[in-house]
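J.: Dropping the sequence and predicted coords here.
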Amino acid sequence: MITTKKRGGLANVVAGDSNICLCGATDESLLIRGYSIEDLAQSATFEEVVFLLLAGRLPKRGELFEGSYEVDELFLKVPQNASPMDFLRTAVSLAGTLWADEPNPALRLITSLPTILLSWMKQKKLPLKRGSIAKNFLELLHEKEATAKQIRALDISLILYSEHEFNASTFVVRTIASTMSDYYSAICGGIGALAGPLHGGANERAYDLIHQFKSADEAEKKILEMLSQKIRIMGFGHRVYTTKDPRSDIIKNIAQSLASAASDSYLFEVANRIEEVMWHEKMLFPNLDFYSALVYHWLDIPKSLFTPLFVLSRLSGWSAHFIEQQSNNKLIRPLSNYTGPKHQPWIPLEER
Ligand code: COA
C-alpha cells in the first residue's frame, strides 16, 4: 500500500503511459517525441515543435499551419481589471462557446490565443498574422519590428516551455480529458493549475527576487538570510530532476547573451550568484523559470505576461496530452488514504 506519508504529492508515482515526453530523472535529460531539448532549442522553431507535439512527427515542407482567424470582438469585453492569467482562462472558456464547430481547436487556440491576449490588453482587434508566433507576439506587443536575436530568444523560450511530461497542470488536463469532457474545459483546468506560484507562477516571482538586489554581494547576503528563515527561493528546485534542469543551461545562455546589451546587465551577475549560493547551501539548482525571468525582462515583456507566455507555449503540450489521453482512454480515478474518523454516531441537530 502506498501511503501519502511516504509519497506525498504523488512523488515517484507512475500515473500512466505516454509517448510524448521523457523527463529523464536518472540522467537529467529531456526528450520530446524522442528529440532532445538541446537539439530542438538549437534547430527547431516553436511552430515545428507544436506540429511535432500534435501530430507526433516533424512537419514536412509546406505542412506548417498558414491559416488565419479574426479576433472576435467578444474577447475584448472581458473586464480590464482581470489579470492576464484570469483573462486567458476566461478566453479559453469563451472560445469553447464561440468555436463550437472548430475541427482543430488545439491548433486554433495555439495560433490565435497570443493575438487574442494582446488585443484584449490593448483594447483593439490586432491582426492575426501568419508565421512565427514569437515574432508576432513581440511586434504586436511593442508595436515595432523585433530583431532576429529577440525573436529567436522568445522562440527558444517557447520551445523550452512547450512540454514537460506529467507536471501538475498537464495531469489536470489529462484528468479532465479522461472523463471524456471537452478540450476547452481541460485547458481551462490546466491554466488554473499553472497559475500557482509552485508551478508556472514561479517565473514572475523569480523576477521579483532577482530585481530587488543591487549587487551580487547583496544578493548573496540576503539569500543566506532567507534560507536561514526557511523562505522558499522561487525558480529553484524540481520535483523530478535532482541535480539540474536541462532547460536551465539553455535559457541561461540566452539570458547572458541579452545581458551584454542591457543597461542593467548586473542582474545577470546577481542571478548567477544566487545560483552559486543555492547550490552551495542547499544543492538546489535553477529550474527553467529562474533565468526565463531575465530573458523576458530583457525582451521588454511586462512581468504580468511571464506566466501567460508559459501558458501560450504549454498549450501545445497540454493539447498533445489531451489527444493522447482520449485516444486510448481510461478514467483517471485514484484512491485516497483515508485518515478521518470512522463509525461516528449521528447526533440530531437539537442535541448538538
Ligand atoms: N527554496 C528553498 N528550499 C527549497 C526549495 C526552494 N526553491 N525547493 C525545495 N526546497 C527544500 C524544501 O524546503 C524542503 O526542505 P526540508 O526537507 O528541509 O523541509 C526540500 O527542499 C524538499 O522540498 P519539497 O517542497 O518537499 O519538494 P517538492 O519536490 O515538493 O518541490 C518544487 C518541488 C518545485 C515545488 C519546489 O522545489 C519549489 O517550491 N520551488 C520553488 C517554486 C518553483 O520554482 N517552481 C517551479 C517549478 S518548475
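T.: Nice, I can see it.
J.: Now for Arg205: which residues touch it?
T.: Going by CB atoms under 8 Å, 6 or more residues apart in numbering, Arg205 touches 197, 234-235. All C-beta spots, glycine's among them, are computed from the backbone N, C-alpha and C.
J.: Assumed it was part of a strand.
T.: No - counting by DSSP: H, G, I helix; E, B strand; the rest coil, one finds Arg205 to be helix, located in no strand.
J.: now it: how far from the ligand?
T.: According to CB to the nearest ligand atom, to the nearest Å, Arg205 and the ligand sit 8 Å apart.
J.: Please apply the same query to Ile191.
T.: 16 Å.
J.: again with Lys244
T.: Distance check for Lys244 against the ligand: by CB to the nearest ligand atom, it reads 12 Å.
J.: just Lys330 next, same as before
T.: Distance, Lys330 to the ligand, by CB to the nearest ligand atom: 26 Å.
J.: The nearest residue to that residue once chain neighbours are set aside: neighbouring residues, count only.
T.: Excluding the flanking residues, the one nearest Lys330 by CB to CB, 6 or more residues apart in numbering is Ser178, at 6.8 Å. The number of residues packed near Ser178 is 18, by other CB atoms under 10 Å.
J.: What residues does the stretch 101-250 of the chain have near the ligand?
T.: 198-199, 202, 232-239 (CB under 6 Å from any ligand atom).
J.: Drop anything exposed from those residues.
T.: The neighbour-count test (16 or more other CB atoms under 10 Å) marks 199, 202, 233-239 as buried among those.
J.: which among the residues of the stretch 101-250 of the chain next to the ligand gets closest to the ligand?
T.: Using CB to the nearest ligand atom, Gly237 comes nearest to the ligand of those, at 2.3 Å.
J.: what is the mean pLDDT for stretch 49-67?
T.: Per-residue pLDDT values over stretch 49-67 give a mean of 92.
J.: what about the helices in the stretch 51-200 of the chain?
T.: Taking DSSP state H, counting those that start in this stretch as the criterion, the stretch 51-200 of the chain carries its helices at 84-98, 105-122, 133-142, 148-161, 168-178, 183-194.
J.: Which residues of the stretch 251-352 of the chain lie near the ligand?
T.: Within the stretch 251-352 of the chain, the positions lying close to the ligand (CB under 6 Å from any ligand atom) are 282, 284, 287, 289.
J.: Now go through these and say which are in strands.
T.: Members of these lying in strands (criterion: DSSP state E): none.
J.: Let's see if you can find the most crowded of those residues.
T.: That'd be Asp289 among these, by other CB under 10 Å, with 27 neighbours.
J.: so that one touches His199, yeah?
T.: No - counting by CB atoms under 8 Å, Asp289 sits too far from His199 to count as a contact (9.2 Å).
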